[in-house]
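Asks: please work out how this folds:
(chains A, B, C and D)
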2 protein chains.
Amino acid sequence: MSTTGSPTLSDEWLATLQEGGYRLTAPRRVIVEIMASCERALSPLALFDLGRKIQPRLGLVTVYRTLEKMEELGLIQRVHQADGCHMYLRAARGHQHLLLCENCGKAVLFDGDEMTAFFGSVARKTGFTIKDHWLQLFGLCEACK
Amino acid sequence: MSTTGSPTLSDEWLATLQEGGYRLTAPRRVIVEIMASCERALSPLALFDLGRKIQPRLGLVTVYRTLEKMEELGLIQRVHQADGCHMYLRAARGHQHLLLCENCGKAVLFDGDEMTAFFGSVARKTGFTIKDHWLQLFGLCEACK
DNA sequence: CTTATAATTGAAAATGATTTTCAATAAGAT
DNA sequence: ATCTTATTGAAAATCATTTTCAATTATAAG
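Replies: Here you go, the predicted model:
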């Protein structure tokens, strides 16, 4: 809403959406605002519930569609869960991995530079070309243990 | 089927199932046989199709239930996919991780001892107690690239 | 400031993997 | 051989996610 001063993360994301060719609509503003300011991973349904408090007419489908676009633009990242469902979290810059608190859902990012060399040795030993990797750690945060 | 000589992996698994308190039935024998002899990860549906060639009356539900028990007994492990669906693969002994060929589905296991120290340092920096981790690499195997 | 056009919305229905229900069957104990 | 209880498979139920579609709305064009 502010027209002066440094832009908020939410404003940056809205600009990115627009540059990506997407229109800025009321439901999108709500979803972007929530995701940009939340440091926990949220399920589409949890996000929907939060969004409805601001925009009661919001549809769950719009939540899914907006998350898809934000992921495509690299603003958020998917969090995989054991049951196969997904949550979404503010994306980090560069290549980072996730550490999730099993109790409160808090998400901390750490970088995996130290693993790059290790992956290289796995590639060498197996003859594979490694294209992608997927690492998530689960545990309890300081407050929860 | 053999009553003498060294037991096959399939026989060992059947014994494990029985020791686990489960009955040995025709459909279970078929499912165990396939999983014990396959080095690719299989989806429940793919396993179902393979199983029906041997046991046409086999039900998909039985496939799911048997996979669940085999996983519980540590005979097989889940493979997570980006779409949230699961495949299952012969489990390795000890702690091992997966490297999957994106083209042919071939699965290679490697151990992650070298990462234990790294995870320890992440724990120290973040204040988390790390309870579990999840690592999968994706790429192309020698034959497929 | 209209108007035109194509993107976006949300409700409802569809999908697809997985799970549950339930009556019939079969394994393993007695 | 019989009994008890686990197991089976078909059908129905679930649940996250996706698609359909008519109504709405952001933005470009005039």
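Asks: and chain A, which residues reach DNA strand C?
Replies: For chain A, the residues in contact with DNA strand C (Cβ under 7 Å from any atom of the strand) are A:22-23, A:25, A:27-28, A:55, A:57-59, A:61-62, A:65-66, A:84. Quick note: C-beta positions are derived from backbone N, CA and C, even for glycine.
Asks: give the helix, strand or coil label for the residue nearest the centre of chain A.
Replies: Nearest to the mean C-alpha position of chain A, by Cα atoms, centre = their mean, lies residue A:89 at 2.5 Å. The local conformation at residue A:89, judged by DSSP: H, G, I helix; E, B strand; the rest coil, is strand.
Asks: look up the residues forming beta bridges with it.
Replies: In this structure, residue A:89 bridges to residue A:77 when assessed by DSSP bridges.
Asks: residue A:133 too?
Replies: residue B:137.
Asks: OK, contacts around it?
Replies: By Cβ atoms under 8 Å, 6 or more residues apart in numbering or on different chains, the contact set of residue A:133 is A:115, A:119, B:135-138.
Asks: ok, residue A:69 touching residue A:20?
Replies: Yes: Residue A:69 lies in contact with residue A:20 (Cβ atoms under 8 Å); the separation is 7.1 Å.
Asks: who has more neighbours out of the two?
Replies: The neighbour comparison of residue A:69 against residue A:20 (other Cβ atoms under 10 Å in any protein chain shown) goes to residue A:69, with 18 against 13.
Asks: which strands and helices sit next to the strand or helix carrying the more buried one?
Replies: Assigned by DSSP states H and E, residue A:69 belongs to helix A:60-72. Packing partners of helix A:60-72 (3 or more Cβ pairs under 8 Å, 6 or more residues apart in numbering or on different chains; DSSP states H and E): helix A:9-19, helix A:26-37, helix A:44-54, strand A:76-80, strand A:86-90.
Asks: quick one: low-confidence residue ranges for chain A.
Replies: Within chain A, the segments meeting pLDDT under 70 span A:1-5, A:94.
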